[in-house]
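Enquirer: Okay, sequence plus prediction incoming.
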Amino acid sequence: MSFSGALAQLFAIALALVLAPLLSGWVGQCRAWLQSRTAPPLLLPYYMLRKLFEKDVVLAHNASSLFRAAPFVIFGCMLLACAIVPTLSTDLPFAPAADALALVGIFGLARIFIALAGMDVGTAFGSLGGRREMLVGFLAEPALLMVFFTLAMIAQSTSLATIVETLAHRELIIYPSLAFAGVAFTFVSLAENARVPVDNPATHLELTMIHEAMILEYTGRHLALIEWAASLKLYAYSCLGLALFFPWGIAPGDNILALAAAIPLLLLKLAIGGFLLAAIETVNAKMRIFRAPEFLGTAFMLAVLGLLVRLLLEVKV
Amino acid sequence: MSGLLTLDLLILAACAWLVTGLLGVFAGRATGFIAGLLFPLGAVIGIGVGLLGLNALGAPTQTAVLAIGLPDLPFHLRLDNLSAVFTLLLGFAGAGISIYAAGYFAKGDTPGLGPLCFEYHVFLGSMLMVLLADDAYAFMVAWECMALSSFFLVTTDHKHEEIRRAGFLYLLIAHIGAIAILLSFGVMTGGEGDYNFAAMRTVELTPTWTSAAFLLALAGFGAKAGLVPLHVWLPEAHPAAPSPVSAMMSGVMLKTAIYGLLRVSFDLLHTTIWWWGVVALVIGLLTAIFGVLYSTVQSDMKRLLAYSSIENIGLIAVAIGLTLIFHAYGMDALAALALTAVLYHCLAHAGFKSLLFLCTGSVLHATHERSLGKLGGLIHPMPWVAWLALAGIIAGAGLPPLSGFVSEWLLLQGFLFSPGLPHPWLNMVVPVAAALVVLVAALAGFAMVKFYGIIFLGQMREPALKDAHDAGPWERAGLVWLALITVLLGVLPSTVILRLDAATQQLLGAGLANTLQQQGWWMLAPISAERASYEPLIVLVSIAVTLLASRWLVRSLFHGRVRRSSPWDCGYHFEGPRAQDTAEGFSQPIRRIFEPMFRMQRHFPAARDKQPYYSVKVEDHFWYWCYLPIARLANWISAMIVALQGGRIAVYLMYSFITLLLLLLVARP
């Protein structure tokens, strides 16, 4: 681990903390434009975070110590995930801590904590949200893993840094398996980040909530951390998607110039990605909860197809 | 220390367990003496056994011949690296359970504590002898002792009809398994009549007979481990037994069956045929999927855990299948990876499943309630149990940074290499099996959240739960011990695997040690750091540091004020504990999505019911597919035979007369 590597790592974490709410704000703004509404300010998520941090925490009488610890654990998991995903450079000291499989595990850990926290107060909505979150989880995780399997077979490695380096330095031909994997990854990201076809982050309409139902009882700094963690998760997934399917521009080593060039490129890619996300959310309607298995089942089948295509067509025997 | 000392000490430990048990019989009703002295003594012996197992890993193989047994047929014992791994597991997991049992049985509400103490320690001792046995005769004697002592332990509370039934079911399937194992040993002697394992290793068998031996062993040990379709005893026997016994059976006894399967497949049979691996893989996958789906829909907490054990055994069988496939094609480095996953999952499961079963014991003692529908909110009166159970469910859900994830990670890494197999369709299908493994892991998360959320979180579903008390000091000590094992296995995988390496070296002639030694002790990279790496300690520490740092920062930059109030819940005011999800409600999505997998009887209320009620009963398909037809056949045969028995002596004399006539006709020289 070099000094500049550590510096790049710290910079990546700081960038994640700063950019994540901005990305959420940007998606919200794009959504408003596409839906012909007056757009909220770009910095709205920051104002929200500040407001929430200043407010008192109002805990339900029945809330336990787990309920109070969960936001911090979830925040920690998401920050770790952001530190592992190669956003600007592939030479991160944290990268060997978790490969693609362990990254899925870290997201799973956060999921378990948020579902348990939702069940903790003992309200109807909380346990409903917890149950649905775990439902989405067990449907999405196999699909996500199959996507990573396809990529791992291309790169002969599950380490994210190696995968990104391999994908970035190959010749510019379209792998059909990557196309399948990319679509599956998009589906999974929508579900995992509580986005429109599966969940709607902007609603408190009782029967359709998933993510919001679990965090109904959170207030003040706890809610702020959970919101921040949710935007970190969106950021991590976006960066992961960009790094895996559009890996150009990510600095291979601790080259300061390449690193500096990577930042505007990342911002541009995130801006486009955020706009596309808003567009997907605008043209789709939220589906019934029991359509979610079909949606994620499709993602899983696509990912498996990608894997089989890779094994059948692309491997030279 | 002389070479034979470890094995001798282990034999002494088995004897010490036996003596401890006998003291329990003589102590009779002296609850304080048995619980306060004998069980802790058993735990001390357990720690000793664990340390001896650890010491024997990597040491040369030791053998001994005991003077007991039949004339000219003494017991042969042998301690090699494979036995050492499982001895280690037995010792350390058994120690935790015994410490806990000291507190659990001290309350004096268990009938017949003296005999129970005896059976418990015989159970421990016989499991140790199973691991040490080096001839089929000693193995079967120890195996039967283990089955019988655990049968008596299951039926401790024999006044209840369903517990007796569970016990008989267990005994029946244990013996079907034992017959299969015996036949397997018979095949492996190759007709030489020498039941020494040493002799079996040298016998050359034709492929057909080798396969027969393997399949018989798979069936026999599968019955003990709980592989589909011989799993039915598990969800009956585990809830029936007292919790420390359930923990011992699920955490340790199931692993002796895995030990037996490994011993037969990789040691006694010296050839491996690739399709064995496919059979094990398919059965393992079926078992895992079946187990996890059923565990999500249970409403009895111990049944839920029992089905979860079936799932974990399924995953272990999948890993064994993968090992066999790699081994058959001579890819021994990869086989070592998969075998490490097998051994690691055995250790991990022994830790976290024992922990969870013991937690249900504490809940049971505090509330006298096993049904999830009558629990809830127990984190308030039982914080120790609740927080320690959290470690268990995170490991059980196979999530980083605890123990369950390490083995699943290794297993998935193994799957990633399967496209290198020199077989046209195997290298296509096997990676897809990995997707099912992930589905199982994700569903296990669902089951674990259900288990934890419904027992420990939410509002109390019954008013009586307010009087629940936390676990006592002995119980806490046992739980902490097992939680510690779970955490250590989770964060120090490299250190553990370096010790386990001796066993994979012995069975496959390959191991992961060379690659692991090139990296730091905190890093797990079985092939190379570029290929895949996982550093659980870093994961744990960075999450903990972020947790503490963000808490401190938020408090110092803003404030730490807290107010208490009624829950918000979108403004609904009249929310009692009944508004929460029940155990049935929580698993409704699973029942809906996987409907064909379950046999359900549901009752929905009609629109005008005065007292509407909803009920759902989920039953095991295998009862109706396998067991009931067999039972009906047995009944039918008996009914045929009944027709012969008129109860009149004259008729019976006539039968004898006819038989005699027939014999005279047939057997004429």
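Expert: In hand now; what should we look at? Because the structure is a prediction, the values reported are computed rather than measured.

Enquirer: for the longest strand that chain B contains, packing partners?
Expert: Of all segments of type strand in chain B, defined using DSSP state E, the longest is strand B:62-70. Judged by 3 or more CB pairs under 8 Å, 6 or more residues apart in numbering or on different chains; DSSP states H and E, strand B:62-70 is in contact with helix B:5-27, strand B:73-79, helix B:136-154. In short, each C-beta sits where N, CA and C put it, glycine included.

Enquirer: Serialize the ones you listed to JSON lines and add fields for mean pLDDT and distance to residue B:290.
Expert: Below are the helices and strands packed on strand B:62-70 laid out as JSON lines (pLDDT from 0 to 100; distance: least, CB to CB, whole Å):
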{"stretch": "helix B:5-27", "mean pLDDT": "90", "distance to residue B:290": "35"}
{"stretch": "strand B:73-79", "mean pLDDT": "88", "distance to residue B:290": "36"}
{"stretch": "helix B:136-154", "mean pLDDT": "93", "distance to residue B:290": "22"}
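
Enquirer: would a markdown table of those with mean neighbour count be doable?
Expert: Below are these laid out as a markdown table (neighbours: other CB atoms under 10 Å in any protein chain shown):
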| stretch | mean neighbour count |
| --- | --- |
| helix B:5-27 | 19 |
| strand B:73-79 | 20 |
| helix B:136-154 | 21 |
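
Enquirer: which one of these lies closest to chain A?
Expert: Checking the helices and strands packed on strand B:62-70 against chain A by CB to the nearest CB gives helix B:136-154 as the closest, at 32.1 Å.

Enquirer: what are the C-alpha coordinates of that closest one, in CSV please?
Expert: Extracted in CSV, the C-alpha atoms of helix B:136-154 (Å, rounded to 0.1, in the frame of the first residue of the first chain):
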residue,chain,number,x,y,z
ALA,B,136,-15.9,-51.1,10.7
TYR,B,137,-16.8,-53.0,13.9
ALA,B,138,-15.7,-50.2,16.3
PHE,B,139,-17.2,-47.6,14.0
MET,B,140,-20.6,-49.3,14.0
VAL,B,141,-20.6,-49.9,17.8
ALA,B,142,-19.8,-46.2,18.4
TRP,B,143,-22.3,-45.2,15.8
GLU,B,144,-25.1,-47.2,17.4
CYS,B,145,-24.2,-45.9,20.9
MET,B,146,-24.5,-42.4,19.4
ALA,B,147,-27.8,-43.2,17.9
LEU,B,148,-29.3,-44.8,21.0
SER,B,149,-28.0,-42.2,23.5
SER,B,150,-29.4,-39.4,21.3
PHE,B,151,-32.7,-41.3,21.0
PHE,B,152,-33.0,-41.4,24.7
LEU,B,153,-32.0,-37.7,24.9
VAL,B,154,-34.7,-36.8,22.3
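
Enquirer: Tell me which other helices or strands that helix touches.
Expert: If you count contacts as 3+ CB pairs under 8 Å, 6+ apart, helix B:136-154 packs onto strand B:62-70, strand B:73-79, helix B:113-132, helix B:161-188, helix B:243-248, helix B:254-262.

Enquirer: buried sites along the fourth one?
Expert: Read that as helix B:161-188. Neighbour-count burial for helix B:161-188 flags B:163, B:166-167, B:169-171, B:173-174, B:177-178, B:180-185, B:187-188 (criterion: 16 or more other CB atoms under 10 Å in any protein chain shown).

Enquirer: Neighbours of the closest residue to residue B:578 other than its chain neighbours, how many?
Expert: Using CB to CB, 6 or more residues apart in numbering or on different chains and skipping the chain neighbours, the partner closest in space to residue B:578 is residue B:461 (7.6 Å). Residues lying near residue B:461 (other CB atoms under 10 Å in any protein chain shown) number 23.

Enquirer: On the three-state scheme, residue B:461 is what?
Expert: coil (DSSP: H, G, I helix; E, B strand; the rest coil).

Enquirer: Would you mind measuring from it to residue B:376?
Expert: According to CB to CB, to the nearest Å, residue B:461 stands 4 Å off from residue B:376.

Enquirer: which regions of chain B lie under the pLDDT threshold?
Expert: B:1-4, B:574, B:669 (pLDDT under 70).

Enquirer: Find the centremost residue of it, please.
Expert: Closest residue to the average C-alpha location of chain B: residue B:250 at 3.6 Å, with CA atoms, centre = their mean.
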